[in-house]
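> All I have is the shape, not the residue letters:
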């Protein structure tokens, strides 16, 4: 699998899962477009965790968001290492 395929699967999976989990709670995840834009800006470092209202659903969404940020950073770091090796 290429890097683009792996990143796309990771990105779309988390986009739709966070839209399903947080769509009613957080306005950044209301639609697939807003959810994708929020996740893209989050992986680039522009995300405010203060937007989460803390209730039971938000704790789970918060945890999923942290998992996405860790996995996204690892995939991007892997790309950097692979590009430097070539």
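Yep, it's here. Computed from a prediction, not measured in an experiment: that's the story for all the values here.
> Mind picking out the helix or strand in this protein with the poorest mean pLDDT?
Of all the helices and strands that make up the chain, helix 56-85 has the lowest average by mean pLDDT, DSSP states H and E, namely a mean of 83.
> What residues sit buried inside that helix?
58, 61, 62, 65, 68, 69, 72 (16 or more other C-beta atoms under 10 Å). Using the backbone N, CA and C atoms, a C-beta is placed for each residue, glycine as well.
> Could I get these in a markdown table, plus columns for distance to residue 27?
Formatted as a markdown table, the buried residues of helix 56-85 follow (distance: C-beta to C-beta, whole Å):
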| residue | distance to residue 27 |
| --- | --- |
| 58 | 13 |
| 61 | 13 |
| 62 | 16 |
| 65 | 15 |
| 68 | 18 |
| 69 | 19 |
| 72 | 22 |
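> Pick the one among these closest to residue 39.
Closest approach between those and residue 39, by C-beta to C-beta: residue 68, at 6.6 Å.
> Now the closest one. Nearest residue, chain neighbours left out?
Counting by C-beta to C-beta, 6 or more residues apart in numbering, residue 14 is the residue found nearest to residue 68 once chain neighbours are left out, at 4.4 Å.
> If I look at that neighbour, what pLDDT would I see?
For residue 14, the pLDDT comes out at 93.
> Regarding it, which helix or strand does it belong to?
Using DSSP states H and E, residue 14 sits in helix 3-22.
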